[in-house]
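In: Pasting the sequence and the predicted coordinates here, then a few questions.
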Amino acid sequence: MIEEQARVVAIEGDYALVETQRKSTCESCAVNKGCGTASVSKVFGRQAVQLKALNHSNARVNEQVVIGIDEAWLLKGSFVAYVVPLLLMLFCAGIGEMIDARFWGGESEGVTILGAMLGLAAGFIWLRRYTRNLRQQNVCQPEILRNVPSETRIEFKSNPALNRQE
């Protein structure tokens, strides 16, 4: 289970809208002073991110909690999000290449490029439907695991653009 501290912002039925600080791995790296990625990280800062989490522990607004997501689902989701659109793009580019060779003698790459773009678009459309289906089934939904003890709490810097009016 991958865990992160968060602050409950709102309650919506069985869910809690939680806010967590975006972190960079640059903070623990020894080379961060001379690294371009660390410079970019400093520009964007540690902005707050809001997401819905299952609220089985009956957390209340402004409580600090630990949220978690199953590692297996995170790995599977990452694999699917990257690989399926890429494979569909390559498959459709291959089909475009065969069509081009059959009808135009392989003189033009336009059909291959069009096939690749259509395959990538089809991959993203499939991915959107797949994730919507997972979301409806609550399969890979983050959940609130427990409250955070007062001595280990972190300070949250809220992003005003994310705050909801209740």
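Out: It's in. Please read these numbers as outputs of a predicted model, since none were measured by experiment. Residues are numbered from 1 along each chain as shown.
In: all contacts plus neighbour counts: C-alpha atoms, from now on.
Out: OK.
In: so where is this protein shaky, pLDDT-wise?
Out: Where the chain drops to pLDDT under 70, the residues are 22-47, 150-166.
In: In it, what residue spans correspond to helices?
Out: For the chain, helices defined by DSSP state H occupy the ranges 36-44, 71-104, 110-137.
In: Among these, which comes closest to residue 61?
Out: Closest to residue 61 of the helices of the chain is helix 110-137 (CA to CA; 23.3 Å).
In: any residues touching stretch 131-138, and which ones?
Out: 140-141 (CA atoms under 8 Å, 6 or more residues apart in numbering).
In: Show me what counts as buried in that stretch.
Out: residue 131 (16 or more other CA atoms under 10 Å).
In: Stretch 123-132 now?
Out: 123-124, 126-127, 131.
In: How much space separates the spatially most distant residue from the centre of the chain from residue 91?
Out: The outermost residue of the chain, judged against the average C-alpha position, is residue 105 (42.8 Å), by CA atoms, centre = their mean. Here residue 105 is placed at a distance of 20 Å from residue 91 (CA to CA, to the nearest Å).
In: Next up, the contacts around residue 93.
Out: Contacts of residue 93 (CA under 8 Å, 6+ apart): 111-117, 119.
In: try 7 Å
Out: Applying CA atoms under 7 Å, 6 or more residues apart in numbering to residue 93 gives the contacts 112-113, 115-116.
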